[in-house]
Every structure is written in structure tokens, then in C-alpha cells.
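Trainee: Test case, fold it:
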Amino acid sequence: MQPHPGGFLDLKKGGHYGVRVKRWPLLPVLVGFCLLALPFSSPAPLIFRPGEGWSYEPVGGEGKWRRDRAQDQLEVAQAAFDQGNYRVATKAARRVVREWPMSDYAPAAQYLVGRSYESRKQDEKAFKEYQKLLEKYPKAANYDEALQRQYAIALRYLGGQRFKLWGYVPFLRSMDKTAGMFEKIVRSGPFSELAPHAQLRVGAAREREREYPQAVRAYDVAADRYFDRPTIASDAVYRAGMAYYKQAKKSEYDQGAADKAIASFTDFITLFPKDRRVKQAQQLIASLKQEQARGHFEIARYYEKNKRWSGAVVYYNEVLLIDPQSTLAEEARRRIEALQPRTQQATPPPPAAE
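Mentor: Numbers count the residues shown, from 1 in each chain. A predicted model of the protein is given here:
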């Protein structure tokens with residue numbers, strides 16, 4: 001083998017020489033070297049800082065928002081927020097919390113992070129930032145305001161606002177996430193004015209995802225916990241009845257849910273006789289009883305058709321017990337009378353006395 005200016009020579013069979021040139025991919029190597037040679041804080045639109053991650057800054061404006069004291073940094077964040085520069089406000093306020101977490105300015109900065117995300121229409125991130133304030137700084141001056149803003153955000157999602165994919169792309173509605181938001185509000189402010197309303201809306205969110213048993217549990221908690229607030233308690237009891245009613249009216253009629261709905265509406269009428277919804281509750285009870293009577297009547301007809309007379313009479317009697325004033329009740333009475341001779345024939349005679 002002999003050296004060659006472009007690589008090396010290789011002796012092939014037959015005595016002929018062939019040239020095989022070895023070359024390196026120079027372009028990728030040069031690009032990689034240039035990237036490694038650049039400092040992280042180079043004057044480029046994308047800036048990376050340890051602890052902060054990547055952020056966009058225009059050329060010539062790198063780091064102008066950074067200050068060496070917590071108070072000054074918070075002032076920069078507030079000024080940027082007031083001017084509508086929410087990205088800078090987010091970065092500056094977040095830096096206060098990260099660099100001076102125990103300072104007197106950290107709670108206000110954490111609140112400002114949430115406000116900045118909310119102003120950028122990133123509600124889910126804003127909710128989480130407000131939650132950090134409530135958990136890390138329970139004595140913050142903005143505590144109540146953060147709760148109110150969380151409640152407003154959760155209401156928007158309850159109204160149908162979509163959660164965003166990667167924080168930017170509207171994707172799916174989620175009543176499960178929405179219920180979780182309201183639950184956090186209740187836990188963070190159990191004695192606040194918002195807590196009973198948030199607890200009711202936990203149930204509302206569960207209803208919208210058709211998780212009726214979970215909805216009833218949420219309403220029961222509201223009724224028990226806030227029994228001394230008639231407006232909340234009456235609403236909770238009525239909503240529990242409605243949740244059972246919706247469950248009963250599903251594709252396959254649920255007799256058990258119907259019984260519970262009737263019981264809830266009956267409690268509502270008894271406890272809150274002057275409520276404007278009493279008449280509607282009475283109408284719902286009547287419709288549920290009518291449906292129950294119809295179900296028992298159909299079962300009775302099935303037994304009668306199959307010549308099981310005693311079973312038919314039992315279910316016809318159930319129709320009379322459930323809804324005695326209905327047209328089905330009148331028909332059930334006639335069928336019972338017609339079946340009496342057959343049931344008497346089917347009844348074995350009593351044993352003779354010894």
C-alpha cells in the first residue's frame with residue numbers, strides 16, 4: 001500500500017491499482033464547532049440562562065430588565081405589566097420569586113406572575129401560579145384576590161372554554177380538570193365567601209361529564225357543610241335531586257336512581273317549602289312516579305302473559321302504591337280483579353287440622 005495525496009492506494013486483484021479516497025464531513029463539524037463556541041448569553045433573540053430556561057429578547061435588549069435588588073426587580077415587573085409587556089413582566093416577577101423567595105416582595109411578584117399569564121390568555125398557567133401563591137404565601141396581601149381570579153378562571157372553563165395544548169393551542173374541554181380547580185379553591189379558602197359557590201360548581205362540573213354519583217356527593221357536601229346558609233343548602237339539595245333525575249332518565253331507566261331522586265326532591269320540599277322551585281320539584285316527582293308505575297305495569301303484563309298470575313298481581317299492586325291516581329292505576333285495578341279467580345285457584349288449600 002502506497003500513500004496518495006487524496007487518501008491511500010489499494011491493490012486490487014489483477015494487478016490494477018484503484019484509488020479509495022477517505023473524506024470527513026466537514027460542514028456538520030464546522031457548524032457544531034461554531035455552536036459550541038457561542039456563549040449561552042450571546043446577543044441573539046433566544047437566550048438561555050440557568051434556572052430560567054430559554055427566553056426571547058430582541059437584539060440589544062438582553063438583560064435590561066434584570067436588577068440586583070428584589071424591590072427594584074419587582075418595580076421593573078410592575079412597570080412592564082402596566083405597559084402591557086407581559087412577557088417581560090413574567091420574567092422579571094418570576095426572578096424575584098426565584099432569587100429572593102423569602103423577601104417581602106416575593107408574594108406580590110408571585111401574584112404578578114399569575115396576572116401576567118392571565119393577561120396573555122394562558123388561564124391554566126395563571127391558575128397554577130395563583131395556586132403557588134396560596135400555598136407558599138398564605139399571609140399574602142393578594143390572597144383573596146388570587147382566590148377570586150382562580151374562581152373566575154374556573155368559571156370560564158365550566159362555561160366551555162378549552163384547555164390549551166402546550167399552553168397555546170386550544171384543544172379539549174375537560175370537566176374533570178374544571179372540577180379539580182373548584183376543589184382547590186374550596187381547600188385554599190374553606191371559610192371564604194367563594195367556597196360554598198365553588199363546592200356547588202364541583203357538582204355542576206361532574207354533572208356535565210355525566211358523573212352523576214360524584215355530582216351528588218359534591219352537592220351533599222355543600223348541603224351538610226353550609227346548612228346554615230339557606231340559599232346554598234337549598235340549591236345543593238335541589239341539584240342533588242336533579243342529578244339523580246338525570247341518572248334515572250338515561251337510556252336504560254334506573255329505578256334506584258329514580259327512588260333517590262324522589263327522596264331528594266321530597267326532602268327539598270319539606271326543608272324549603274317557600275322556595276320558588278317547589279312546584280317544579282313536585283312535577284318532577286310526579287313524572288318519576290309515573291315512569292316507575294309504567295315500568296311495574298309492563299313487568300306485570302309480562303308475568304300475566306306467561307300465566308304467572310301471582311307475580312302479575314304483585315306488580316299491579318306496586319302500580320297502585322306508586323301512583324294511585326294515574327290511568328295506569330285504574331287499569332291495574334281491573335287486571336287484579338280479573339286475575340283474582342286464577343290466583344285463588346293457584347293457591348293451595350290450607351292443611352287440615354289434626
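
Trainee: in stretch 103-114, what's buried?
Mentor: Of all the residues in stretch 103-114, those buried under the rule 16 or more other CB atoms under 10 Å are Ser103, Tyr105, Ala106, Pro107, Ala108, Ala109, Gln110, Tyr111, Leu112, Val113, Gly114. C-beta: built from backbone N, CA, C; applies to glycine.

Trainee: all helices in the stretch 251-354 of the chain, in order from the N-terminus.
Mentor: 255-271, 278-305, 309-322, 327-346 (DSSP state H, counting those that start in this stretch).

Trainee: next one: the chain
Mentor: 26-37, 70-82, 86-99, 106-119, 123-136, 143-158, 175-188, 195-208, 212-225, 230-248, 255-271, 278-305, 309-322, 327-346 (DSSP state H).

Trainee: which helices and strands sit right next to the longest one?
Mentor: Under the contact criterion of 3 or more CB pairs under 8 Å, 6 or more residues apart in numbering; DSSP states H and E, the helices and strands touching helix 278-305 comprise helix 230-248, helix 255-271, helix 309-322, helix 327-346.

Trainee: could I get those helices as a markdown table with mean pLDDT, distance to Tyr151 and mean neighbour count?
Mentor: Shown next, in a markdown table, are these (pLDDT from 0 to 100; distance: least, CB to CB, whole Å; neighbours: other CB atoms under 10 Å):
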| stretch | mean pLDDT | distance to Tyr151 | mean neighbour count |
| --- | --- | --- | --- |
| helix 230-248 | 96 | 15 | 22 |
| helix 255-271 | 94 | 26 | 19 |
| helix 309-322 | 84 | 43 | 19 |
| helix 327-346 | 80 | 48 | 14 |
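
Trainee: Let's have those in JSON lines, adding distance to Trp65.
Mentor: Below are those laid out as JSON lines (distance: least, CB to CB, whole Å):
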{"stretch": "helix 230-248", "distance to Trp65": "46"}
{"stretch": "helix 255-271", "distance to Trp65": "57"}
{"stretch": "helix 309-322", "distance to Trp65": "72"}
{"stretch": "helix 327-346", "distance to Trp65": "76"}
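
Trainee: Tell me which of those helices sits nearest to Lys289.
Mentor: Closest to Lys289 of the helices and strands packed on helix 278-305 is helix 309-322 (CB to CB; 5.3 Å).

Trainee: Test my guess that Tyr226 contacts Ala233.
Mentor: Yes - under the criterion of CB atoms under 8 Å, Tyr226 makes contact with Ala233 at 5.9 Å.

Trainee: Nearest to His296, out of the helices and strands packed on helix 278-305?
Mentor: Comparing these by CB to CB, helix 309-322 comes nearest, at 4.2 Å.

Trainee: Perfect, that will be all.
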